[in-house]
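A.B. asks: Make a model of this:
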Amino acid sequence: MQGLGAEIAKNLILAGVKSVTLHDEGVIELWDLSSNFVFTESDVGKNRALTSVQKLQELNNAVITSTLTSKLTKEQLSDFQAVVFTDISFEKAFEFNDYCHNHQPPISFIKAEVRGLFGSIFCDFGPEFTVVDVDGEDPHTGIIVSISNDNPAFVSCVDDERLEFQDGDLVVFSEVHGMTELNDGKPRKIKSARPYSFTLEEDTTNFGTYVKGGIVTQVKQPKVLNFKPLREALRDPGDFLLSDFSKFDCPPLLHLAFQALDKFVSDLGRFPVAGSEEDAHKLISIAGNINESLGDGRVEDINPKLLRHFAFGSRAVLNPMAAMFGGIVGQEVVKVCSGKFHPLFQFFILTQWGHFLQSLWTLLISDH
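C.D. replies: The predicted structure follows:
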């Protein structure tokens, strides 16, 4: 329940999910006040979850908000549809994620962290997660002008409005006069979709002759996503969701940086000291060792300058970054609960370092 956890909880409570449980064994430190909007100086020394629950509950009394302050066990996760971890080592994350991935039904697992101007999200919604509605839009429709008696049949629609169909879409027909066989409600596949026509994968040679009228409506199909567990996805992350197409090389490198930071904290029991060149070199060295162990999946160009900046700010949780990532993670949890909209698959890594430098340079010029 540091800055990122508070933002996620806030968004979920405002979204109106059924219930939210806040877990934290730690107590509030002065450091937490920079990122968590709930805490005040008088709260220092109190449990984070217990201090947060009352103020967060006030946001929406319709959402049951509770706390858990004891050590978390795998078995306790079975009570939840989705779990979000914001401050956890990879070693513990592997343990919890394996349990969630193999649970019946699977428990959706999200690991998110914000380190300075860098952030990372990992999603695993189970071996077979069904998205009922990929885009949340209403089904596309068209008004029919003609249907040929052919194999396959050619369908033309009015040219007042472009069709939004794509090859492979399923459609149903209604109110067709003459060729009434198409009004049976059976989904049919289309191909060769054009702005005002398409080809229907159906033999209409022996159907009645089209006379007039008719509406064609898209049938939205569910999509099944096969998520990999964290320990497998970490070594083979696949394609990263890009937020900045000018920085194709950043996500793989930062993916490596977050692993190196986890190893650094595990070995030394602390985060790199802000501005410490010695700690930065240690993290860069760890990143290099991890990269060499990846074989063909290694990053070709390790940018020591970017890793140095990553190390310098890794202890900080900045409120703007927590707010942004809290919104993204909150959306992913709502997707789990509703089955609507395509979720993150599976890593999303973002840096605002370039924007920070640009803003700083603009500020320096303005001051000058």
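
A.B. asks: Now do the helices in the protein.
C.D. replies: Taking DSSP state H, the helices of the chain run over residues 3-15, 48-57, 90-102, 230-235, 250-268, 277-292, 304-312, 319-338, 353-367.

A.B. asks: could you redo those helices as TSV and give each row mean neighbour count and mean pLDDT?
C.D. replies: Where you see a C-beta, it was placed from the backbone N, CA and C, and this is true even at glycine. Formatted as TSV, the helices of the chain follow (neighbours: other CB atoms under 10 Å; pLDDT from 0 to 100):
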stretch	mean neighbour count	mean pLDDT
helix 3-15	23	96
helix 48-57	20	93
helix 90-102	17	97
helix 230-235	17	94
helix 250-268	19	94
helix 277-292	17	95
helix 304-312	20	92
helix 319-338	19	95
helix 353-367	11	48
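
A.B. asks: will you turn the ones you listed into JSON lines that also has distance to Arg194?
C.D. replies: Output for these, formatted as JSON lines (distance: least, CB to CB, whole Å):
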{"stretch": "helix 3-15", "distance to Arg194": "40"}
{"stretch": "helix 48-57", "distance to Arg194": "52"}
{"stretch": "helix 90-102", "distance to Arg194": "43"}
{"stretch": "helix 230-235", "distance to Arg194": "39"}
{"stretch": "helix 250-268", "distance to Arg194": "37"}
{"stretch": "helix 277-292", "distance to Arg194": "48"}
{"stretch": "helix 304-312", "distance to Arg194": "47"}
{"stretch": "helix 319-338", "distance to Arg194": "33"}
{"stretch": "helix 353-367", "distance to Arg194": "42"}
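
A.B. asks: which one of the ones you listed lies closest to Thr205?
C.D. replies: helix 319-338 (43.4 Å; CB to CB).

A.B. asks: that older thread, minimum distance to Thr209: which of the helices of the chain has it?
C.D. replies: helix 319-338 (44.4 Å).

A.B. asks: for the closest one, packing partners?
C.D. replies: If you count contacts as 3 or more CB pairs under 8 Å, 6 or more residues apart in numbering; DSSP states H and E, helix 319-338 packs onto helix 3-15, strand 82-85, strand 108-115, strand 118-124.

A.B. asks: mind redoing it with 10 Å?
C.D. replies: Contact analysis of helix 319-338 by 3 or more CB pairs under 10 Å, 6 or more residues apart in numbering; DSSP states H and E lists helix 3-15, strand 82-85, strand 108-115, strand 118-124, strand 129-131, strand 347-351 as its packing neighbours.

A.B. asks: So for Lys335, which of those sits nearest?
C.D. replies: Of all the helices and strands packed on helix 319-338, it is strand 129-131 that lies closest to Lys335, at 7.8 Å by CB to CB.

A.B. asks: Need the residues that contact the closest one.
C.D. replies: 106, 108, 123, 125, 221-227, 335-336, 338-343, 345 (CB atoms under 10 Å, 6 or more residues apart in numbering).

A.B. asks: Buried among the residues you listed? Make that a ChimeraX selection.
C.D. replies: What follows is the ChimeraX syntax for the buried subset of these, where burial is set by 16 or more other CB atoms under 10 Å:
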select :106,108,123,125,225,227,335,336,343,345
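
A.B. asks: ok, Arg298 touching His255?
C.D. replies: No: the criterion here is CB atoms under 10 Å, and Arg298 misses it with His255 at 11.5 Å.

A.B. asks: So for these two, which residues contact both of them?
C.D. replies: Common neighbours of Arg298 and His255, using CB under 10 Å, 6+ apart, do not exist here.

A.B. asks: Which one of the helices of the chain lies nearest to Val63?
C.D. replies: If we rank those by CB to CB, the stretch that ends up nearest is helix 3-15, at 4.8 Å.

A.B. asks: any idea how far that closest one is from the chain center?
C.D. replies: Counting by CA atoms, centre = their mean, to the nearest Å, helix 3-15 is centred 15 Å from the centre of its parent chain.

A.B. asks: thinking again about what came up before, which of the contacts of strand 129-131 fall in strands?
C.D. replies: Ser108, Cys123, Lys223, Val224, Leu225 (DSSP state E).

A.B. asks: Among the residues you listed, name the least confidently predicted one.
C.D. replies: Across the set of the ones in strands among the contacts of strand 129-131, Lys223 stands lowest in pLDDT, at 92.

A.B. asks: what is that one paired to in the beta sheet?
C.D. replies: Listed by DSSP bridges, the beta-bridge partners for Lys223 are Val131.

A.B. asks: Tell me the spacing between it and Asp279.
C.D. replies: 44 Å (CB to CB, to the nearest Å).

A.B. asks: same thing with Asn61?
C.D. replies: As defined by CB to CB, Asn61 lies at a distance of 46 Å from Asp279.
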